[in-house]
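sequence? don't have it. structure:
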């Protein structure tokens, strides 16, 4: 985790924290501990009191970095999308063929990161699980408009915008690229959630990554049918 933090600078909206957790050893323990605990307990059962006990600090110390667990979750989700955009750039920058570039981007967006892969950051598998399980909670609430004005969803929007440009490169006449890309991201996470908890709502199995296969097939059939 610390290697990743020091080697890759991923900016996160300043409105999401009171003190930058990346500037201190305690702040980094807060991030690492919260990722592990939210992934294990779920957001509803996660509290700053439990986190403080786990990382051997005080609850007041955690509040010096984040004013609420909602802001902390938003910080982690923003961090994840910043990391994904960094990986998107690396993974697609040298691919000239528009279809191959888009396919690689979709694979990165919808796949589960393998901890054994040298291309995957150490914290990415756990963060992906948090995105699957908890991400909708950061915008499905009444304060979403005011938070949006502060730019707290800009990292997610930036990823969507980058992939939208890849969609347009494949089919510039397609009328709904933003809808297509955001549906692929949200839909793939939902299908993985269904596979684990509500399997009757999906066709995904553990033997084959049918989520990835389905969404790659969906995007290219959709774009070709609108030529």
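Right, received. Where do you want to start? Bear in mind the structure is a predicted one, so any value in this text is a computation, not a measurement.

alpha carbons only for contacts and neighbour counts from here, please
OK.

mind listing the strands in the protein by residue range?
Ranges of strands in the chain, per DSSP state E: none exist.

helices of that one, residue ranges please.
2-7, 25-41, 48-55, 59-63, 69-92, 98-110, 124-134, 144-149, 154-170, 177-197, 210-225 (DSSP state H).

now the fifth one: how far from the chain's centre is it?
The offset between the C-alpha centroid of helix 69-92 and the centroid of the whole chain comes to 5 Å, using Cα atoms, centre = their mean, to the nearest Å.

same question, the third one
Here helix 48-55 is found 24 Å from its chain centre; the criterion is Cα atoms, centre = their mean.

okay, the angle between it and helix 69-92?
60 degrees (axes from the mean of the first three to the mean of the last three Cα atoms, to 10 degrees).

what's the angle between helix 48-55 and helix 25-41?
Going by the same axes, to 10 degrees, helix 48-55 makes 110 degrees with helix 25-41.

for helix 48-55, packing partners?
helix 25-41, helix 59-63 (3 or more Cα pairs under 8 Å, 6 or more residues apart in numbering; DSSP states H and E).

6 Å instead, please
Contact partners of helix 48-55 among helices and strands, from 3 or more Cα pairs under 6 Å, 6 or more residues apart in numbering; DSSP states H and E: helix 59-63.

kindly report the same for the longest one.
Contact partners of helix 69-92 among helices and strands, from 3+ Cα pairs under 6 Å, 6+ apart: helix 154-170.

name the helix or strand of the chain that has the lowest mean pLDDT.
Least confident helix or strand, the chain: helix 2-7 with a mean of 49, by mean pLDDT, DSSP states H and E.

which residues does residue 149 contact?
Not one residue lies near residue 149 by Cα atoms under 6 Å, 6 or more residues apart in numbering.
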